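In: coords please:
(chains A and B)
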Amino acid sequence: MKRDAKDRAAFTRRALLIGTAQFGIFGAIAGRLYNLQVAKHGKYALMAEQNSISERLEAPLRGLITDRFGTVLAGNQQHWRALFMQALAPDPQAVLDNFYRLVPLPDDEKARIAAELAHRPGYIPVLLKDYLDWPDMAALEVNTPDLPGVVVEVGASRSYPFGPGLAHAVGYVARPNQREAAADPVLSLPGMRIGRTGAEAAQDAVLRGVPGFVQMETNVHGQVVRQVAHDPGTPGQEVTLALDAGLQALAVQGLKDQTGAVVMLDASTGEILALASSPSFDPSLFDKGVPQATWNAWMADPGHPLQNKAVSGLFAPGSTFKPTVALAAMKAGTLTAETILTCPGFFKLGDHVFWCDNHTAHGSITVTTALQVSCDVFFYQVALGVGIDRIAAMATVMGLGTDLGVDLPDAETGLVPTLDWARQHGIHWVEGSTVVQGIGQGYTQLTPLALATMIARVATGSAVGPHITRRIAGTLQIGSTPGDWPVLDVDPAHLAIVRQGLFEVVNTPAGTAYADRLTLPDVQMAGKTGTAQVHDNTAREKRQGFNDLTMAWAQRPNALFVAYAPYDNPRYAVAVVIEHGDYGGVAAAPIANALMTHALTHDPAGRDVPLGGGAA
Amino acid sequence: MMMDSERLAPQRPFRDRSFGLMRKLLRVNWLFVLCVCLLAGVGYTALYSAAGGAPRPYADSQLFRFIGALVLMLGIAMVDIRQIAKISWPAYALGVLLLLVVMKFGHTGLGAKRWMTVGGMEIQPSELMKLFLTLGLAAYFRRATQERLNEALFLLPAVAAILLPVGLILKEPNLGTAVITAMIGATVMLGAGVRWWKFAILLGVMLVAAPLLYHHLHDYQRARITTFLNPGSDPLGAGYNIIQSKIALGSGGLTGQGYLHGTQNQLNFLPEKQTDFVFTIIAEEFGFLGSMAVLVLLFSIIAMALYTAISCGHVYGRLVALGVAANFFLYCFVNLSMVMGLIPVGGVPLPLISYGGSALTAVMLGFGVLMSVHVHRDVEFASEEF
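Out: Have a look, this model is predicted:
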């Protein structure tokens, strides 16, 4: 018992000692708490205030643009760039001064930065300099402590592997301007680009993607302590164009340094397989900013390199308009396959004489022969017989002078005049105006794209519309299969007559494009040449024996050629316009021949993988 | 034999192990239970704030866990301490077994293999082990005379019984809990009457061994120590917590930023603030006064546990109560020191306040045994019973 009591006393002593020690430790903890919470409160309260999470948006990767076989036409390239997060800098101006000392910038860039800093919300960084080179990078890295808020990171810029060759079809991107950036804050993100022309502009919304964000925590010195969260956003969707890079290359080669445009369509769907406009320009210059000298040169160039002549170039169609005139007359009943009209080499209306081409007398001929030899006098009479309004109505059916709804920006509707139009524009319409309308001269102005659409409709009897987007994120777009298009509102018998004439143009020795018939076995091309005057020779010029080869380049006629092939099972349609190229059969038809030959041997229409698998 | 011992002590009021439930309930230290409930209330308040001013996801579920654990605690308090004493060694063996099982089959959380699921409940065997080790050591030293305590051979099994689970816990790896377990063992041995100087020797050995041990630590453990020694060296990693935690405490000031208005807390500067760093929420929003109130409550628990130890008539109860008190103290000490940047961060929650079921259950189990000691503080242990 005594022993027990002694033990108990010893235990109590020890337990109390342990308890005292624990109390002492709690006291120390309390003291430390007092030190932190009360004595140093000011310091930590300040730190808490400056402790912050900053968030910045990050531009998404722009979607790729490829041709139908997956060849990249517009891709993304990485480069280094410096951004500035104003909120992270205790003294933004000092940081900017340090930056300018290390990486000198021109004054207009400094002004832009100052303007952006003043207007941007804090979560959107301001671009200081794109395309940093190694000396810049090294200077920035070494001086990081003097540059709080400056972030050097990888940015993406747009690259166009085919350069000028696809500049018009694919288009280009550029930095959004101040107004656009103000309207949509997302566009003010460094690295955000806006599609300006071509497919880049038409599919801008699809290609753009959704921005991601980076959440960073910054310490009291404004330095990024760590990345809290990172959401890369959603990259833009891939846009697959109907283009075939191989055909496109041929079109560009064919145009060479001539001014003009080439459009090739899948005749049964209206898919644009090639679309070239010459002269062209380097689309990648816009991403970095076009040098002033280059810009001035473009503006001074009479060939207007920035204009996409295929969709917005307006040309008198010349003789390529004749099939439409024939169809209008046949529909009106003023012309049949058997109708014979006589061409003495000229046509007299009142006291005005309209000459046939080269003053040639074609004799008494039918419509097919008139198409074959491109007799003007025949069509003067046909046009006069059917009247301007019915020609315009048929033109609309054939896709001429009407909105084709092409998925490319800046597409011109063109013009096929009507009496209403003439009245509205205060033009006194005379019969002579109708006469020249028969050969595609006068007020008629059409785009190469419209001509290609017209010839595709003639070929297939299907009301196809031109379009360049085949797939978006892999999904086939409506219009990519022949079944998507309605039957053309034209009597098939009339179409057959016109097709016969167009066949003879290319495949008979008397045809105006016989020299450019296909050399492939068992496949024939049908087409129509056109030579459209852009200059009325004055009486004085005529006296001087002025002809197309001796006149100034800008006054020479435009050369046109529209064609489809194969004749008996049309798959491809093409329109070529060479500005001031003289005769369509000479300047334009060889390009069409080259494209047709390639198309018929490689057969890209309706395919997503090249014939024979992968061969370019 | 049992009959004999009972006959020998007829004057003892509670010799009978089956005294009425009502009387047992009356002997519970209700002030202690009140303090436990108050701390749970503090926990609810803090967790409500941690969720940005919402009962979910933390506060409500923690409340339900606490109610369950409270029932468990009072249930254990009704069990005769002598029955508990009988299962001391089986419990110890079970604890070791669980540690082995968790090592083999447990799943990994935050770089350590320390969790296992039993009946849908996540438990950490190391938490249970601290209580089971206390029970085992108390049973071992219950009958030890001062002479035997001086024999090295007698102490050796006890030291081995401590080192076995400590080693297993270190292997998990869970440095914090391993150290706490060792210190609980040492406290119980100290309470049993082992000489102070023996601990001094042990401490000396440990100081010498520390640098050697450092080389065998896991990378993350080493990182914690180096960051602790120089928080600026790793601003992205572990040091971040210490800095943010100190800012949270410091910005609280004397009276705090106001409930639900702590910027550090509400702006999510502290990862996992609902668990290990829950104290910063109270300190930031209620200031120095609030944190002092919590400290007082926490120490009241320790003081009352020590009171139970001192007022207990039997050695087993004393040692158990001392061990439970030590466990709770060490929990508080490690957590608070960690939060204040005094010792390396160790994954030790603040008992009764932090979010999480495992530590709560283990602590309340210990309190159940403690209350059983308190209720049965005057029972007679027959020496033959053990």
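In: Quick check: mean pLDDT of stretch B:20-32?
Out: Average pLDDT, stretch B:20-32: 90.
In: could I have it exported to CSV, CA atoms only?
Out: Extracted as CSV, the C-alpha positions of stretch B:20-32 are listed here (Å, rounded to 0.1, in the frame of the first residue of the first chain):
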residue,chain,number,x,y,z
GLY,B,20,-24.6,0.7,-13.1
LEU,B,21,-24.5,2.6,-16.4
MET,B,22,-26.2,5.6,-14.8
ARG,B,23,-23.4,5.9,-12.2
LYS,B,24,-20.8,5.5,-14.9
LEU,B,25,-22.3,8.2,-16.9
LEU,B,26,-22.3,10.5,-13.9
ARG,B,27,-18.6,9.8,-13.4
VAL,B,28,-17.7,10.9,-17.0
ASN,B,29,-15.8,14.2,-17.0
TRP,B,30,-18.5,16.2,-18.7
LEU,B,31,-16.4,19.4,-18.7
PHE,B,32,-13.9,17.5,-20.8
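In: Next, the buried residues of it.
Out: For stretch B:20-32, a neighbour-count test (16 or more other C-beta atoms under 10 Å in any protein chain shown) marks B:24, B:27, B:28, B:29, B:32 as buried. In short, each C-beta sits where N, CA and C put it, glycine included.
In: Stretch A:58-77 too?
Out: Within stretch A:58-77, the residues that qualify as buried are A:58-69, A:71-74, A:76, counting by 16+ other C-beta under 10 Å.
In: Give me the most central residue, chain A.
Out: With distances taken as C-alpha atoms, centre = their mean, residue A:198 lies nearest the centre of chain A, 1.0 Å away.
In: And that one, what's its pLDDT?
Out: Taking residue A:198 on its own, its pLDDT is 93.
In: what do you get for residue A:103?
Out: We have a pLDDT of 89 for residue A:103.
In: Could you give the number of residues near residue A:259?
Out: Residue A:259: 23 surrounding residues under other C-beta atoms under 10 Å in any protein chain shown.
In: hang on, the earlier thing: and the closest residue to the residue nearest to the centre of chain A other than its chain neighbours, how far is that from chain B?
Out: Excluding the flanking residues, the one nearest residue A:198 by C-beta to C-beta, 6 or more residues apart in numbering or on different chains is residue A:171, at 2.2 Å. As for residue A:171, its distance to chain B is 43 Å (criterion: C-beta to the nearest C-beta, to the nearest Å).
In: Residue A:171 and residue A:195 touch, don't they?
Out: Yes: the criterion here is C-beta atoms under 8 Å, and residue A:171 meets it with residue A:195 at 5.9 Å.
In: what do these two both touch?
Out: Overlap of the contact sets of residue A:171 and residue A:195 (by C-beta atoms under 8 Å, 6 or more residues apart in numbering or on different chains) consists of A:201, A:202.
In: ok, back up a step: pick out whichever of the buried residues of stretch B:20-32 sits closest to chain A.
Out: Nearest to chain A among those is residue B:32, at 15.1 Å by C-beta to the nearest C-beta.
In: which regions of the stretch 51-200 of chain A lie under the pLDDT threshold?
Out: By pLDDT under 70, the weakly predicted segments of the stretch 51-200 of chain A are A:51-55, A:87, A:121-123.
In: Ok, chain A next?
Out: A:1-3, A:49-55, A:87, A:121-123, A:217-226, A:228, A:535-551, A:584-585, A:613-616.
In: Do I have it right that residue A:383 meets residue A:434?
Out: Yes: between residue A:383 and residue A:434 a contact is recorded at 5.4 Å, counting by C-beta under 8 Å.
In: how about the helices in the stretch 351-500 of chain A?
Out: A:367-373, A:376-386, A:388-397, A:419-424, A:431-437, A:448-460, A:492-507 (DSSP state H, counting those that start in this stretch).
In: just those: most buried one?
Out: Most buried of the helices of the stretch 351-500 of chain A, by mean neighbour count (mean count of other C-beta atoms under 10 Å in any protein chain shown): helix A:448-460, with a mean of 30.
In: what are the C-alpha coordinates of it, in CSV please?
Out: Provided in CSV are the C-alpha atoms of helix A:448-460 (Å, rounded to 0.1, in the frame of the first residue of the first chain):
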residue,chain,number,x,y,z
PRO,A,448,-13.8,34.1,-113.5
LEU,A,449,-15.5,32.2,-110.7
ALA,A,450,-18.9,33.0,-112.3
LEU,A,451,-17.6,31.8,-115.7
ALA,A,452,-16.4,28.6,-114.2
THR,A,453,-19.8,28.1,-112.6
MET,A,454,-21.5,28.8,-115.9
ILE,A,455,-19.5,26.2,-117.8
ALA,A,456,-19.9,23.6,-115.0
ARG,A,457,-23.7,24.1,-115.2
VAL,A,458,-23.6,23.8,-119.0
ALA,A,459,-21.6,20.6,-118.6
THR,A,460,-23.6,18.9,-115.9
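In: Name the single longest helix found in chain B.
Out: helix B:278-311 (DSSP state H).
In: re the thing from before, distance of the residue nearest to the centre of chain A from residue B:186?
Out: From residue A:198 across to residue B:186, the span is 80 Å (C-beta to C-beta, to the nearest Å).
In: Next: residue B:57.
Out: 38 Å.
In: got it, and residue B:339?
Out: Distance from residue B:339 to residue B:186, by C-beta to C-beta: 24 Å.
In: what about these two, which has more around it?
Out: Counted by other C-beta under 10 Å, residue B:339 and residue B:186 do not tie: residue B:339 has more neighbours, with 28 against 19.
In: Before we move on, what's the pLDDT of that one?
Out: On pLDDT, residue B:339 comes in at 87.
In: where along the stretch 201-350 of chain A do the helices fall?
Out: Along the stretch 201-350 of chain A, counting by DSSP H, counting those that start in this stretch, helices occupy A:204-208, A:245-255, A:285-288, A:292-300, A:309-312, A:322-332.
In: Not counting its neighbours along the chain, what's nearest the residue in the stretch 351-500 of chain A that chain B sits nearest to?
Out: Proximity of the stretch 351-500 of chain A to chain B (C-beta to the nearest C-beta) peaks at residue A:473, 35.9 Å away. Of all residues not flanking residue A:473 in the chain, residue A:237 sits nearest, at 4.0 Å (C-beta to C-beta, 6+ apart).
In: Near that neighbour, how many other residues are there?
Out: Per other C-beta under 10 Å, the neighbour tally for residue A:237 reads 20.
In: For it, which residues are in contact?
Out: A:63, A:206, A:207, A:209, A:472, A:473.
In: what's the neighbour count on the closest residue to residue A:115 other than its chain neighbours?
Out: Once flanking residues are discounted, residue A:115 sits nearest to residue A:178: 7.5 Å by C-beta to C-beta, 6+ apart. Neighbour count of residue A:178, defined by other C-beta under 10 Å: 13.
In: any idea how far residue A:178 is from residue A:292?
Out: Separation of residue A:178 from residue A:292 (C-beta to C-beta) stands at 19 Å.
In: ok, and for the longest helix of chain B, which residues are buried?
Out: B:278-288, B:290-292, B:294-295, B:297-311.
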